[in-house]
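Participant: Need the 3D shape of this:
(one chain, ligands or ions: 1)
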Amino acid sequence: MLRGMKFKIALVQLRVSVQKDANLLRARSQVLEAARHGANVVVLPECFNSPYGTAHFPAYAEPLAGPTCTALSQIAKDAGVHLIGGSFPELGEGGKLFNTSTVWDPAGTRIGIHRKIHLFDIEVPNGIRFKESDALSAGNEMTMISTPFGRIGLGICYDLRFPELAMCAARADCVLMVYPGAFNMTTGPLHWELLLRARALDNQMFVAACSPARVEDEAKNGGYVAYGHSSVVDPMGKVIATTDGEEGIVYADVDTDAIFAARQAIPVTKQRRFDVYPDISKGP
Ligand SMILES: NC(=O)CCC(=O)C(=O)O
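Facilitator: Take a look at the predicted model:
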């Protein structure tokens, strides 16, 4: 990991509509705006081109060689940024659908792909029931991308709840975990910031999460209200940039020196006792 590496990250909290073409155009203008403001790395939200809902995924799904990736490649190139293209419902081999994030360099070349590993299947009484696995298949690979600014680990939304991903990324020298994510109005207020700060502090790395804007109107939100609050957290667990539910762009300056400083001050990375912990993957 390089000391003194500085870059600006922008989280595009997009107002996602039910119209794919309009979403792609809006994403384009927002990414170009972020680039004009000096962003080097730009992130779009989970499901940035479609409403978030199992009933919608089949209708909006498209292959990697489809209009969404064509647009993302061109946007990255025109903006001259590293673009973490949120996620979209991908039509994969054998007709399987995935929640997929693609990453693009400033030449418009795809340099990473992440298929959501942990599907969002939950039932909170009097809160929310969602079963992503009704429509989607899970990805089976962790994703870390090499960029000129350092390595970046990638997860999608519910992946945030599984600390192992971020810990593996930190131990593989990633400076930043990025999560395109659309938390909801039940768990968002309680867990979103807490989880982002926990992942950052546990691993003494930067963490960024980019949500769609909050759209309350049911005719326009496809039946799911995203929490918003796209945020960036530093390696000490401090929220250094955030917002509310409105559409907008969140900017933060990332300086890898903050990672070294946190790890020097509180050296948990070197103090872990792997000789003591059992292999918990097999159960109690
Ligand atoms: N899109 C998602 O994975 C939502 C995750 C979520 O809201 C949660 O509470 O976890």
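Participant: Please go through the chain and pick out the longest helix.
Facilitator: Assignment by DSSP state H gives helix 20-36 as the longest helix of the chain.
Participant: hmm, who's touching that one?
Facilitator: 10, 12, 14-17, 42, 44, 48-50, 60, 67-68, 71, 75-76, 78-81, 83, 86, 249, 251 (CB atoms under 8 Å, 6 or more residues apart in numbering). C-beta here means a position set from N, CA and C on the backbone, and glycine is covered the same way.
Participant: count of neighbours near G38?
Facilitator: 12 (other CB atoms under 10 Å).
Participant: Quick check: closest non-adjacent residue to I156.
Facilitator: Nearest non-adjacent residue to I156, counting by CB to CB, 6 or more residues apart in numbering: K116, 4.0 Å away.
Participant: about what we covered before: sitting in strands, which of the contacts of helix 20-36 do you find?
Facilitator: Per DSSP state E, strands hold the following members of these: 10, 12, 42, 83, 249, 251.
Participant: quick one, what contacts the second one?
Facilitator: If I follow you right, that is V12. Contact analysis of V12 by CB under 8 Å, 6+ apart lists 27, 30-31, 34, 42-45, 210, 249.
Participant: Please point out which parts of the longest helix of the chain sit buried.
Facilitator: Judged by neighbour count using 16 or more other CB atoms under 10 Å, the buried positions of helix 20-36 are 20, 23-24, 26-28, 30-31, 34-35.
Participant: before we move on, what about stretch 154-162?
Facilitator: Buried, per 16+ other CB under 10 Å, within stretch 154-162: 154-161.
Participant: Out of those, the closest to W192 would be?
Facilitator: L160 (8.4 Å; CB to CB).
Participant: That closest one in helix, strand or coil?
Facilitator: Following DSSP: H, G, I helix; E, B strand; the rest coil, the label given to L160 is helix.
Participant: Show the contacting residues for it.
Facilitator: L160 touches 179, 181, 195-196, 199, 209, counting by CB under 8 Å, 6+ apart.
Participant: The closest residue to A34 other than its chain neighbours: what's it in contact with?
Facilitator: Distances taken as CB to CB, 6+ apart place A10 nearest to A34, at 3.6 Å, with adjacent residues excluded. By CB under 8 Å, 6+ apart, the residues touching A10 are 34, 37, 39, 41-43, 249-251.
Participant: Can you give me the end-to-end span of stretch 274-284?
Facilitator: Counting by CA to CA, to the nearest Å, you get 17 Å between the two ends of stretch 274-284.
Participant: how far out from the middle of the chain is that stretch?
Facilitator: 29 Å (CA atoms, centre = their mean, to the nearest Å).
Participant: Can you name the element that comes right after the strand or helix carrying P89?
Facilitator: P89 belongs to strand 88-91 when elements are defined using DSSP states H and E. The helix or strand immediately downstream of strand 88-91 is strand 97-104, counting by DSSP H and E.
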